[in-house]
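1. let's see this in three dimensions:
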Amino acid sequence: MKKSVWQENYKIISAELKAMRIEAGLSQVSLSERLERPQSYVSKYENGDRYLDFIEVLAICSVCGTSPSQLIKKLGFDFKDL
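-> Have a look, this model is predicted:
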């Protein structure tokens, strides 16, 4: 199976979203309840078994009280010129 050129960024996103959840003091269950999703939803994206779309990432950031721009910076994207 061919690997995606974005695979490393997905690993970073998964790890950062997990760290964000833990820093917010949320368990997978409590986060999933606030997102109105099953616990397995959180487990799957944290383990890299599921990719998230942009809207889902924004919802997770919102529930965890973190700005999406912090996540974007950790991925190495710099939008300072915009």
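
2. pull out the buried positions in the longest helix seen in the chain.
-> Longest helix of the chain, by residue count under DSSP state H: helix 7-23. By neighbour count with 16 or more other CB atoms under 10 Å, helix 7-23 contains the buried residues Tyr10, Ile13, Ser14, Glu16, Leu17, Lys18, Met20, Arg21. Glycine gets a C-beta too; all of them are placed from N, C-alpha and C.

3. mind listing what the third one touches?
-> Ser14 is in contact with Tyr45, Glu46, Asn47, Gly48, counting by CB atoms under 8 Å, 6 or more residues apart in numbering.

4. any chance of these in a markdown table, plus neighbour count, secondary structure and pLDDT?
-> Shown next, in a markdown table, are those (neighbours: other CB atoms under 10 Å; DSSP: H, G, I helix; E, B strand; the rest coil; pLDDT from 0 to 100):
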| residue | neighbour count | secondary structure | pLDDT |
| --- | --- | --- | --- |
| Tyr45 | 21 | helix | 95 |
| Glu46 | 18 | helix | 96 |
| Asn47 | 10 | coil | 93 |
| Gly48 | 13 | coil | 88 |
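
5. just give me the closest of these to Gln28.
-> Glu46 (7.4 Å; CB to CB).

6. just the helices in this protein please.
-> Counting by DSSP H, the helices of the chain are 7-23, 28-35, 39-46, 54-64, 68-74.

7. how far away from the center of its chain is the worst-scoring helix or strand of the chain on mean pLDDT?
-> Counting by mean pLDDT, DSSP states H and E, the chain has its least confident helix or strand at helix 68-74, which shows a mean of 86. Taking CA atoms, centre = their mean, to the nearest Å, the mean C-alpha location of helix 68-74 is offset from the chain mean by 10 Å.
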